[in-house]
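> Here's a sequence, model it:
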Amino acid sequence: MSFIVNNRVFVNPGFEAEFEERFRRRAGEIDQQPGFIAMRVLRPLGNQAPYVVETEWESQAAFRAWVGSGDFKRAHANPLPAEATAEGGGLEQFEVIIRSEGPR
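Purely as a prediction, here's the structure:
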């Protein structure tokens, strides 16, 4: 099965557009990584909910290889200012044990 990593990020009011734009500018770059399956950036609909950046990999090893790559370093080289995010959130890692998909 696959491996999912969720990064929950509490973005402070006024920084939402900049946060989202950073992902739009790099869209497609992670796609070139070995073992990468998909990425989704989820915008919260409630004011207390964090953004969720979800990536799916063929394995935990593939995710770890990306974390050690030059692409990862470039993606994280210029972070948002400290005041853009609030405390909380963080990384969650999951192994997919059951998968069901509807017709497309």
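> center of the chain, which residue is that?
For the chain, the residue nearest the mean C-alpha position is residue 53 (3.0 Å; CA atoms, centre = their mean).
> Check it and give its pLDDT.
Residue 53 is assigned 96 on the pLDDT scale.
> who's in contact with the lengthiest helix in the chain?
Secondary structure of the chain per DSSP state H: the longest helix is helix 16-26. By CB atoms under 8 Å, 6 or more residues apart in numbering, the list of residues contacting helix 16-26 from outside reads 9, 11, 41, 43, 51, 53, 75, 80, 84. Backbone N, C-alpha and C define where each C-beta goes, glycine included.
> try it again with 6 Å
For helix 16-26, contacts defined as CB atoms under 6 Å, 6 or more residues apart in numbering pick out 11, 41, 75.
> For residue 59, state which of those residues is nearest.
Checking the contacts of helix 16-26 against residue 59 by CB to CB gives residue 75 as the nearest, at 20.0 Å.
> If we ignore the residues flanking it in sequence, what's nearest that closest one?
Counting by CB to CB, 6 or more residues apart in numbering, residue 75 lies nearest to residue 26, which is 5.9 Å off, once chain neighbours are set aside.
> quick one: residue 55 is in a strand?
Yes: counting by DSSP: H, G, I helix; E, B strand; the rest coil, residue 55 is part of a strand.
> Please name the bridge partners of residue 95.
Beta-bridge partners of residue 95, counted by DSSP bridges, are residue 3.
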